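> how would this look folded up:
(one chain, ligands or ions: 3)
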Amino acid sequence: MGIVCTVQDVQQLEREWASDHDGSTWGLMVAASQSFVARFQADFAGRRVLVVAGNGNNGGDGFYIAKLLLEQDVKVSVATPLGLPPDNIDAFRACQEYQAAGGQMDEHLESAEADLLVDALFGVGLNRPLSGKALVTVTRINRLNLPVYAVDIPSGLHAQTGVCQPVAVHACATHTFIAYKPGQLTAAGPALCGELTLDSLGIQSTSSWRYARAFEPCLPARQGATHKAEHGNLHVVGGLKNMAGAAIITATSALNAGAGRVFLHCHELGHAAALARAPELMTRDVQRLLEEPPEGTYVIGPGMGMSSLAMQLWQVLLPKAKGVMDADALRLLAAQPVPVSGWVLTPHESEAAALLGVTSADIKADRLDSAQELASKYQTTVVLKGAGTIVATTEDIRFCYAGAPEMSTPGMGDCLAGIIGSLIAQGLLPEQAAVAGVNWHAHLGAKLARRQRIVLASDIIPLLKQIPDLAD
Ligand SMILES: NC(=O)C1=CN([C@@H]2O[C@H](COP(=O)(O)OP(=O)(O)OC[C@H]3O[C@@H](n4cnc5c(N)ncnc54)[C@H](OP(=O)(O)O)[C@@H]3O)[C@@H](O)[C@H]2O)[C@@H](O)CC1
Ligand SMILES: Nc1ncnc2c1ncn2[C@@H]1O[C@H](COP(=O)(O)OP(=O)(O)O)[C@@H](O)[C@H]1O
Ligand SMILES: [K+]
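Ligands and ions are numbered 1, 2, ... in the order given. The predicted structure follows:
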């Protein structure tokens, strides 16, 4: 599990480090550069490396990396399209040391013949949208079509929000320092960072936010003299008129994810289709739920619509049950916002916008802040779906380690809701179930995306029965 810090916290940690080291961060720049070179030693050996250095301390890392590569007889050149660093920052010394070691520099990127590029243009100091030379340089780096290794963060990516400013370098790998930054893990971050690694440089942070770099299964197992009754009852409520599919996906996902019994409370038109798909399901007339909802965990919302029946179901279940609220149940909640502690909310960006009374563009502009606001407003666990899914509680943040654009298909969210509901039914706490469910779903989706153009929920559902293959 890697630690994630806000950019402000990382900068504060740097200042604290400096105050313990004669007021200087030079030692950190040296350590960061050494770590970067060690990380990509095998990739750089025998290749011609072009370092693109900005005029801040990210550029300073770039100069020092270039110096270290020169010392290892790697063919290296440095491009300085934004000019040289001022003499009051560490980058100035790094630039001088590179030149003293015989290093060459050129303002123009295109002059150098290179096999790969080190992006040291901007790091966490990017503080406004790119324009002029900076904008042109990022666009040129991408047009060169070379493998790009980013120092700390791809230049142009906002380290806190993961939003491009308005363009960003597309890296094949990023090596970051001190802690992961939120912008690497959500929105455009995961796609632009490529393979992301961290070196804390020996600095300890007290942040409780976490990012798992691999799937860490904590899935309930069947063991010993057990019975299905010990693995929970899961009730899926949705699939009202003409929308059975969504609820069937949720119910079959929950069944394959291991819930002891799965009841599907949907319109009777959906019963035959559900049983044809999975005869292990138990179908129920949804109207009967209004009388006395049975005990168990609920997933409410997939294909439920916004009819008066949907509204009645939501109102009956809200105070009596616990579980997952997805899709239309979130729209109903948005219309009558109340704290719903004990329910996991699984909005995509448009549902999140409705829940906060803002626009989808507002959510996209700051997914982390939106997830935190949702958790605080509704006093519960929130899964903000989409590229770089975030699980937020009132205290903590977890970032999803996988996922793929090929998963942006209809029904994929219904599948996730079923998985999380199933894990809660089997005894996981809501937050644990949300984190495990999100990572499991994304792990399987990403695995399939390596050989499929499109990944459907129906492709993921059968894999839920298998023991997760961690080598994938
Ligand atoms: N300090 C440390 O302890 C350590 C730091 N380390 C490294 O330093 C990096 C942070 O360095 P940093 O803070 O100097 O910021 P950086 O990312 O180089 O950019 C700042 C420069 O860009 C400029 N600028 C900003 N936005 C702009 C825009 N849109 N368009 C154009 N210009 C823009 C801004 O100019 P100004 O705002 O002053 O006009 C300033 O000149 C960090 O990511 C890591 O790699 C490591 O060595 C570990 C120890
Ligand atoms: N670009 C992407 N990268 C990673 N995961 C994605 C991406 N697009 C969609 N997903 C995942 O696919 C699922 C889609 O959910 P949702 O939008 O609710 O679909 P639906 O409403 O059709 O069921 C979510 O879990 C989401 O995180
Ligand atoms: K960079």
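> what sits against Leu117?
Val49, Leu50, Val51, Val52, Ile141, Leu144, Leu146, Pro147, Val148, Tyr149 (CB atoms under 8 Å, 6 or more residues apart in numbering). C-beta: built from backbone N, CA, C; applies to glycine.
> Over to His21?
Per CB under 8 Å, 6+ apart, neighbours of His21: Gly27.
> which stretches of the protein aren't confidently modelled?
472 (pLDDT under 70).
> The residue nearest the centre of it sits in which helix or strand?
In the chain, the residue lying closest to the centroid (CA atoms, centre = their mean) is Gly388, at 2.3 Å. For Gly388, there is no enclosing helix or strand under DSSP states H and E.
> Check Ala272 too.
Per DSSP H and E: helix 271-277 holds Ala272.
> Can you show me the CA trace of the helix or strand just after that helix as PDB?
Later in the chain than helix 271-277, the nearest helix or strand by DSSP H and E is strand 282-285. Extracted C-alpha coordinates of strand 282-285, given in PDB (Å, rounded to 0.1, in the frame of the first residue of the first chain):
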ATOM      1  CA  MET A 282     -34.800 -16.300  -6.400                       C
ATOM      2  CA  THR A 283     -37.200 -14.000  -8.100                       C
ATOM      3  CA  ARG A 284     -39.800 -12.000  -6.100                       C
ATOM      4  CA  ASP A 285     -42.700  -9.700  -6.900                       C
END
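> what's the single longest helix found in the chain packed up against?
Determined from DSSP state H, the single longest helix within the chain is helix 430-449. The helices and strands touching helix 430-449, judged by 3 or more CB pairs under 8 Å, 6 or more residues apart in numbering; DSSP states H and E, are strand 343-345, strand 390-392, helix 412-425, helix 457-463.
> For the chain, which residue gets nearest to ligand 2?
Closest to ligand 2 within the chain is Gly413: 2.1 Å, counting by CB to the nearest ligand atom.
> Could you pull up the contacting residues of Arg210?
Met1, Gly2, Ile3, Val4, Asp396, Ile397, Arg398, Phe399.
> give me the number of residues near the last one?
Yep, that's Phe399 we're talking about. 25 (other CB atoms under 10 Å).
> again, but for the first one
A count of neighbours around Met1, defined by other CB under 10 Å, yields 11.
> Return the residues in contact with it.
So Met1 contacts Arg210, Tyr211, Ala212, Arg213, Glu216 (CB under 8 Å, 6+ apart).
> Would you list the phi and psi of the nearest residue to the third one once chain neighbours are set aside?
Put plainly, it is Ala212. What sits nearest to Ala212 in space, not counting adjacent residues and going by CB to CB, 6 or more residues apart in numbering, is Tyr401, at 4.7 Å. With angles defined as degrees, to the nearest 10, Tyr401 sits at phi -90, psi -10.
> hmm, stretch 245-260 in reach of ligand 2?
No. With CB under 6 Å from any ligand atom as the measure, stretch 245-260 is seen stopping short of ligand 2, the closest distance being 6.8 Å.
> if we can go back for a sec, top of the contacts of Met1 by neighbour count?
Tyr211 (22 neighbours).
> so who does that residue touch?
Met1, Gly2, Ile3, Val4, Tyr180, Leu185, Arg398, Phe399, Tyr401.
> Quick one: residues contacting the last one.
Translated: Tyr401. Per CB under 8 Å, 6+ apart, neighbours of Tyr401: Tyr211, Ala212, Arg213, Ala214, Phe215, Asn439, Ala442, His443.
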